[in-house]
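> Coordinates for the following, if possible.
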Amino acid sequence: MLLLDEPTANLDPAHVALVEETIREVQRQRGLTVVWATHNLFQVRRVADRVALMLDGQLVEVAATEPFFESPKDSRTADFVQGKMVY
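You can find the predicted model right below:
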């Protein structure tokens, strides 16, 4: 398992792409599970198979990437993916 906390924070787009591809390649080669913490929803859509939303230390929703963004079950998830403030 590979645990990553904002691995591309403050990188320019070219280096973000390089890091994402490197992580994907390592994941494929070694069959790793990757847990990737990020606030970047665009990145989530590019790299995730499954997505989880946590608020105040509580797990709100876990789903495959497409349903997470297109038909979330929890109203807080829907607000989050629409760019609304979530409390």
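
> Could you use CA atoms for every contact and neighbour count after this?
Noted.

> Helix or strand next in line after the lengthiest helix in the chain, which one?
Using DSSP state H, we find that the single longest helix of the chain is helix 13-30. Proceeding N to C from helix 13-30, the next assigned helix or strand is strand 34-37, under DSSP states H and E.

> List the buried residues for that following strand?
Buried residues in strand 34-37, counted by 16 or more other C-alpha atoms under 10 Å: residue 36.

> Just the buried positions in the next helix or strand along the chain from it, please.
Next along the chain after strand 34-37, taking DSSP H and E as the criterion, comes helix 41-47. Residues residue 44 are the ones in helix 41-47 that count as buried (16+ other C-alpha under 10 Å).

> Helix or strand: which one has residue 51?
strand 50-55.

> mean confidence for that strand?
For strand 50-55, the per-residue pLDDT values average out at 96.

> next one: stretch 29-37
Mean predicted confidence for stretch 29-37 is 96.

> Tell me how many other residues crowd residue 70.
Neighbourhood size, residue 70 [other C-alpha atoms under 10 Å]: 10.

> Now it: phi and psi?
Dihedral pair for residue 70: phi -90, psi -30, per degrees, to the nearest 10.

> From residue 69, how far out is residue 29?
Taking C-alpha to C-alpha, to the nearest Å as the measure, residue 29 falls 28 Å from residue 69.

> on that earlier part again, sheet partners, orientation included, of the helix or strand that comes right after the strand holding residue 51?
Scanning forward in sequence from strand 50-55 by DSSP H and E, the next helix or strand is strand 58-64. Sheet pairing for strand 58-64, assigned by DSSP bridges, gives strand 50-55 (antiparallel).

> If anything else comes up later, I'll come back, but that's it for now.
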